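1. sequence? don't have it. structure:
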């Protein structure tokens, strides 16, 4: 059985002293270190949450910028197509204008050339007629010979 004597009292007092010393020098510092580590972990979580929120905000901003860039790209393409169409129309109009000018010049040159050829043909015809008339006048033969000479003249003129 258990005897209650002074040794039991000293053992209980030693246990309390030992518990107090352990409490004072071991548990309090350990609790303090655990509390500090807990604060660091919570601060890390808070910082991670803040970084995550910042990243999400940045992602949203970038998506908006991308949408804006897409709409700007579409607008620029639309303007470029309009300008290209206008430039095409201008070039076509200029080409048509130049072509009609060239055509007018060609018609004018053709008319002048035709007129020149007509004058030349008339001059040659006049020469031939005057030569034929001179030949007919020199021969002074009968009308049948004059006709033959005239037919010969027409045949030469046709060539």
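-> Received, thanks. Predicted, not measured: the structure shown is a model, and the values here were computed from it.
2. which stretches of this protein form helices?
-> Under the criterion DSSP state H, the chain contains helices at 6-22, 28-139, 143-158.
3. export the ones you listed as a markdown table, with columns for mean pLDDT and mean neighbour count.
-> For glycine as for every other residue, the C-beta is placed from the backbone atoms N, C-alpha and C. What follows is the helices of the chain, written out as a markdown table (pLDDT from 0 to 100; neighbours: other CB atoms under 10 Å):
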| stretch | mean pLDDT | mean neighbour count |
| --- | --- | --- |
| helix 6-22 | 90 | 10 |
| helix 28-139 | 90 | 10 |
| helix 143-158 | 69 | 12 |
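4. give the contact list for residue 22.
-> Neighbouring residues of residue 22 by CB atoms under 8 Å, 6 or more residues apart in numbering: there are none.
5. ok, it to residue 43 distance?
-> 30 Å (CB to CB, to the nearest Å).
6. likewise for residue 19?
-> Remark: distance between residue 19 and residue 43 (CB to CB) = 34 Å.
7. just residue 96 next, same as before
-> Between residue 96 and residue 43 the distance, using CB to CB, works out to 78 Å.
8. again with residue 115
-> Look at residue 115 and residue 43: by CB to CB, they are 105 Å apart.
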